[in-house]
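Trainee: Any chance you could fold what I've pasted below:
(one chain, ligands or ions: 2)
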Amino acid sequence: MTIEVVPTGAALGAEIRGVDLSQPLGDNVFALIERAFDEHGVIFFRDQKITPPQQVAFTRQFGEIDYNIFGERWSVDGNPEIVVVSNVAEDGKPIGVKRAGENWHSDMCYTPRPPRGTMLYAHEIPTLHDLPLGDTEFASAAAAWDALPASMRDFLAGRRATFDFVGRKRAFPPTQMEIDRNPPVTHPIVRTHPKTGRKCLYVMRDDCSGIDGLESDEAEALIAALADHVVKPAFIYRHQWRPGDLLMWDNCTVQHRAIQDYDLPQRRLMHRTTMGGAVPV
Ligand code: OGA
Ligand code: MN
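Mentor: Ligands and ions are numbered 1, 2, ... in the order given. The predicted model follows:
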């Protein structure tokens with residue numbers, strides 16, 4: 001079987017064909033997948049049939065599993081590494097996190113070591129007369145950085161922003177314990193990808209509450225302008241899901257958001273894993 005990496009044609013993203021993730025991957029195949037992941041920011045595999053332990057094992061190849069705060073409330077039975085992302089309720093009780101990631105963000109940017117990447121495996125995708133709903137949009141924060149004028153890049157170099165866990169509205173409000181466990185952190189606004197050396201913007205409206213050395217008005221205006229810049233159409237790939245898709249994104253160079261254009265009885269059910277990361281530089 002030959003393996004192909006087929007770029008989406010957008011500013012980021014590639015499909016990988018010819019890989020069956022239910023089978024062990026040779027070192028060469030894994031190296032090719034990892035290179036494609038680092039280079040394209042988003043990669044996906046269609047028509048996969050994998051079990052929860054297989055998803056966990058594949059995720060582990062990219063780094064230690066990161067446990068999301070939501071996992072404590074909504075994980076797969078027997079696989080605490082997997083968070084259920086879903087709008088489905090059974091007997092009136094939600095089976096997963098609903099409306100996860102409605103606004104543009106990078107996962108767990110409010111932690112000192114945000115995850116390297118996140119993986120979603122699509123079990124059920126809502127449709128309307130066969131039209132798939134519940135797409136996910138991805139923006140290349142690296143292409144957005146490349147497109148900035150030189151004077152803006154100079155202005156941003158070396159600056160750090162504060163990321164605050166309580167800034168974002170969530171469908172399930174966090175508990176006081178979760179808030180206490182996630183005090184504000186700072187990260188560089190301009191990150192360097194640890195594998196490729198590519199630079200990218202790391203700023204989001206909801207999570208960033210300030211920028212070191214700037215008055216709050218000036219910081220707020222800069223955060224809004226940069227966050228909007230990252231998600232301009234030229235930098236976006238929009239993924240239309242099919243059941244059996246396994247897709248992963250890089251939380252350094254990519255921001256994402258879930259499109260909420262469906263509701264019960266249309267069901268969406270995803271299994272999510274996260275791979276541990278490092279302190280951003
Ligand atoms: C996430 C997330 C988007 C989606 O799981 O981190 O943002 O489309 N999900 O489900
Ligand atoms: Mn997310």
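Trainee: Give the burial count for the nearest residue to Ala144 once chain neighbours are set aside, as a bare number.
Mentor: Spatially, and ignoring its direct neighbours in sequence, Ala144 is nearest to Val230 (4.4 Å; Cβ to Cβ, 6 or more residues apart in numbering). For the C-beta atoms, the positions are set from N, CA and C on the backbone; glycine is no exception. Neighbourhood size, Val230 [other Cβ atoms under 10 Å]: 26.
Trainee: any idea how far Pro132 is from Val230?
Mentor: As for Val230, its distance to Pro132 is 25 Å (criterion: Cβ to Cβ, to the nearest Å).
Trainee: Return the set of buried residues in stretch 115-129.
Mentor: 115-127 (16 or more other Cβ atoms under 10 Å).
Trainee: Show me which of the residues you listed is closest to ligand 2.
Mentor: Lowest distance from ligand 2 to the buried residues of stretch 115-129 (Cβ to the ion) belongs to Thr118, with 6.2 Å.
Trainee: Am I right that the closest one is in contact with Thr273?
Mentor: Yes - if you go by Cβ atoms under 8 Å, Thr118 and Thr273 touch, sitting 7.4 Å apart.
Trainee: Quickly list what Thr273 is bridged to.
Mentor: Met119 (DSSP bridges).
Trainee: Would you mind measuring from it to ligand 2?
Mentor: 12 Å (Cβ to the ion, to the nearest Å).
Trainee: Pro280 too?
Mentor: From Pro280 to ligand 2 the distance is 17 Å (Cβ to the ion).
Trainee: Likewise for Asn79?
Mentor: Between Asn79 and ligand 2 the distance is 19 Å, computed by Cβ to the ion.
Trainee: Let's see the pLDDT reported for that residue.
Mentor: Asn79 carries a pLDDT value of 89.
Trainee: Spell out which residues sit in contact with the nearest residue to it once chain neighbours are set aside, please.
Mentor: Spatial nearest neighbour of Asn79, chain neighbours left out: Pro52 (4.3 Å); criterion: Cβ to Cβ, 6+ apart. By Cβ atoms under 8 Å, 6 or more residues apart in numbering, the residues touching Pro52 are Val76, Gly78, Asn79, Ile82, His271.
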